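Student: 3D, please:
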Amino acid sequence: MADSGYYDTCPTIATFMGFAGVMSAIVFANVGAAYGTGKAGVGIMTSCIRNPELIWRNLIPIIMAGVNGIYGLITSIILMGAIQAPGDDGYNKYSLYTGCAHLAAGLACGLSGLGSGMCIGIAGDASVRSCGAYEWERKKPTKGKMMGMGGKKKGGGGDKLFVTLVLIQVFAGNLALYGLITSIIISQQVFYCGE
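Tutor: Now for the predicted structure:
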């Protein structure tokens, strides 16, 4: 028979908190991934109306946003593996300490993924539109001083814009990676009753 301290350490609400952590990780990370994909996708389609050859190069924000959802999935799987069902005697082994740690881990990963996805989407939208506008302007013929001497503007600036796009996306994606690493560390803080 368990004493009253046992119920304080391992209440039934602890399992709810653990599952809330699982839900927070996957839902918030996927909302960020969906927002980033949608926002950057609109920018890609808009910029590729004039420059369809840029569509493959500008898919980086879509890929980076999708990775955020994978981070949420990884954290959810780790947390699900640590949640224990009540024992054969009906007593809960999953402690409040562990439930709070798993809720914090889920929120760390999920909210980091949400923020990262929003950053990727907004910056990705602006970046791909800038690359598309630059290429469009570069393709326009310029007027020479003499009749019939039109030509194309010098290139090179588009490559600099593309490198900037990649760097912005990498650093925005790092936010979600930091949340994943933190959630894995937090999820290892466990205490099970009766062990």
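Student: thinking Cys10 is in contact with Asn92, fair?
Tutor: Yes. Contact between Cys10 and Asn92 holds when scored by Cβ atoms under 8 Å: they sit 4.5 Å apart. Just so you know, the C-beta spots here come from the backbone N, C-alpha and C atoms, and that holds for glycine as well.
Student: overlap of the contact sets of those two?
Tutor: With contacts defined as Cβ atoms under 8 Å, 6 or more residues apart in numbering, the residues shared by Cys10 and Asn92 are Cys193.
Student: tell me which stretches of the chain form helices.
Tutor: Listed from the start of the chain, the chain has helices (DSSP state H) covering 4-9, 13-47, 60-82, 96-139, 157-187.
Student: make TSV from these and add mean pLDDT and mean neighbour count to it.
Tutor: Listed next are these as TSV, based on pLDDT from 0 to 100; neighbours: other Cβ atoms under 10 Å:
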stretch	mean pLDDT	mean neighbour count
helix 4-9	71	12
helix 13-47	94	22
helix 60-82	94	22
helix 96-139	92	23
helix 157-187	90	18
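Student: nearest to Glu53, of those helices?
Tutor: Ranking those by their distance to Glu53 (criterion: Cβ to Cβ) puts helix 96-139 first, at 8.3 Å.
Student: how close does the residue nearest the centre of the chain get to Gly110?
Tutor: When the chain is reduced to its mean C-alpha position, the closest residue under Cα atoms, centre = their mean turns out to be Asn68, at 2.6 Å. When Cβ to Cβ, to the nearest Å is the yardstick, Asn68 and Gly110 sit 10 Å from each other.
Student: which neighbours do the two have in common?
Tutor: Ala29.
Student: give me the number of residues near Pro52?
Tutor: The local packing count at Pro52 equals 10, with neighbours defined by other Cβ atoms under 10 Å.
Student: and it, what pLDDT?
Tutor: Turning to Pro52, the model gives it a pLDDT of 82.
Student: can you tell me the closest non-neighbouring residue to Ser127?
Tutor: Using Cβ to Cβ, 6 or more residues apart in numbering and skipping residues adjacent in sequence, the residue nearest Ser127 is Leu165, 3.9 Å away.
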